[in-house]
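> sequence below, structure please.
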Amino acid sequence: MSKKARILLIDANPKYENRREGKLIKEFLDILEVKAEHKRARSKSHLLKILELTTCPYIHISAHGSREGIETSRGNVTVDDIIELKQRRKGKRRAKFVFCSACQTGSTKLAEAFQESLCKEYLAPKRDAYWTEVALTSLILYHALFHDKLTLNGAMNRAFKKFQTRGDWYIYTE
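Prediction:
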């Protein structure tokens, strides 16, 4: 019997972009022998369906974004869409953590919506961030969290001390 995935990695960037942050992280976690599931969200409705159905304790969303929401190739996920997930997820346990690496998704409104409906802690950049910085920061964070068994705060401290990013990252906790 296979172990249940500990982390769900979602790529929601347009297909024509050849950068797959979630796939890169999945390959890295495979080396660490961390059970991870990788999905590609093709649209707003597909991303919302993936988030509605997941039971993974850790969720990573790679996409483009703004202060108002997450941009997919077919439609934008808004604060209201995230809040509606609470009704659709009735009876499901909230994730421990959502890491949304989309630029500017570290707004208080988005964080509060995610925490109300989907997770206990939410991490995202408040400003624009380079893809390479986000990918490397993610790898360091997940290595510290899953391999070195640090707490989430400890893993974040390591990731941000080792690799200075320009995204102005914020963690929102309960």
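> shaky segments in this structure?
1-4, 162-167 (pLDDT under 70).
> show me where it has strands.
7-11, 36-40, 58-62, 64-66, 69-72, 75-78, 95-100, 119-125, 169-172 (DSSP state E).
> contacting residues around the closest residue to residue 82 other than its chain neighbours?
Closest residue to residue 82 apart from its sequence neighbours, by C-beta to C-beta, 6 or more residues apart in numbering: residue 113 at 3.9 Å. For glycine as for every other residue, the C-beta is placed from the backbone atoms N, C-alpha and C. By C-beta atoms under 8 Å, 6 or more residues apart in numbering, residue 113 lies in contact with 79-80, 82-83.
> just to revisit the earlier point, let me have the strands of the chain in JSON lines, extended by distance to residue 107.
What follows is the strands of the chain, written out as JSON lines (distance: least, C-beta to C-beta, whole Å):
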{"stretch": "strand 7-11", "distance to residue 107": "19"}
{"stretch": "strand 36-40", "distance to residue 107": "24"}
{"stretch": "strand 58-62", "distance to residue 107": "14"}
{"stretch": "strand 64-66", "distance to residue 107": "9"}
{"stretch": "strand 69-72", "distance to residue 107": "9"}
{"stretch": "strand 75-78", "distance to residue 107": "12"}
{"stretch": "strand 95-100", "distance to residue 107": "11"}
{"stretch": "strand 119-125", "distance to residue 107": "8"}
{"stretch": "strand 169-172", "distance to residue 107": "9"}
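> CSV for those strands, including mean neighbour count?
Putting those into CSV (neighbours: other C-beta atoms under 10 Å) gives the following:
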stretch, mean neighbour count
strand 7-11, 24
strand 36-40, 18
strand 58-62, 25
strand 64-66, 20
strand 69-72, 24
strand 75-78, 19
strand 95-100, 22
strand 119-125, 23
strand 169-172, 18
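> returning to what we had before: from the contacts of residue 113, which two are the most distant?
80 and 82 (7.3 Å; C-beta to C-beta).
> who has more neighbours out of the two?
Between residue 80 and residue 82, residue 82 has the larger neighbour count (other C-beta atoms under 10 Å), namely 24 against 9.
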